[in-house]
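[1] What follows is a protein structure lacking sequence information:
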């Protein structure tokens, strides 16, 4: 396995973790209960959501860090932190960096949820959606071989990213459709 392969696999891991995190977050927002609904077990989906969030940020941080050890092309630390002048695909890499920065903001504000208050936390937590969009854009359009900038869109990794994007898009649209209702049963009218 080469360093490029490792970087690509870390990126795909970040996409998978981000997808699971987003889906769990949507379930939490709908007040899904795994005791009342399937699988009728006590599962702490909030804790799983937290751990997949941590995994997403760690994998997203490691993904470009591996590029620092490549001999060709040479990436500098500034090319990783602010990739607008990176040696290859600067615009797409910049989209990935912005996605990372938004994910870090979402994670940090979640850790500070009580001190900053729920209204501000909730508004900042919605940054997860543009972060996911930029993450998918970066993941789908970048050339993992760092050659000519033309990725093979039928590559297994690109198909995985496209599938994850479609699942997140469908879940987000379904969430918008049932906004305000949630998944809790309706209360019976009092007589």
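    Ah, there it is. Note that this is a predicted model, so its numbers are computed, not measured. Residues are numbered from 1 along each chain as shown.
[2] so what does the helix ranked longest in the chain touch, helix or strand wise?
    Assignment by DSSP state H gives helix 3-29 as the longest helix of the chain. Applying 3 or more CB pairs under 8 Å, 6 or more residues apart in numbering; DSSP states H and E, one finds that helix 3-29 contacts helix 45-65, helix 128-141, helix 156-177. In this view, the C-beta of every residue, glycine as well, is placed from N, C-alpha and C.
[3] Enumerate the positions of it that are buried.
    7-27 (16 or more other CB atoms under 10 Å).
[4] quick one: average pLDDT of that helix?
    For helix 3-29, mean pLDDT rounds to 96.
[5] Equivalent analysis for stretch 183-191, please.
    Across stretch 183-191, the average pLDDT comes to 65.
[6] Low-confidence stretches in the chain?
    Filtered on pLDDT under 70, the chain yields the residue ranges 184-189, 191.
[7] repeat that for 50
    Low-confidence segments of the chain, defined by pLDDT under 50: none present.
[8] can you give me phi and psi for the closest residue to residue 35 other than its chain neighbours?
    Closest residue to residue 35 apart from its sequence neighbours, by CB to CB, 6 or more residues apart in numbering: residue 42 at 5.9 Å. Residue 42 has phi and psi values of phi -80, psi 110 when expressed as degrees, to the nearest 10.
[9] What's the local residue count around residue 51?
    Residue 51 sits with 14 neighbouring residues when counted by other CB atoms under 10 Å.
[10] Sorry, wrong one. I was asking about residue 99.
    Neighbour tally, residue 99, other CB under 10 Å: 23.
[11] give me the element it is part of.
    helix 90-111 (DSSP states H and E).
[12] again, but for residue 41
    Short version: residue 41 belongs to no helix or strand, going by DSSP H and E.
[13] Enumerate every residue touching it.
    The contact partners of residue 41, by CB atoms under 8 Å, 6 or more residues apart in numbering, come to 34-35.
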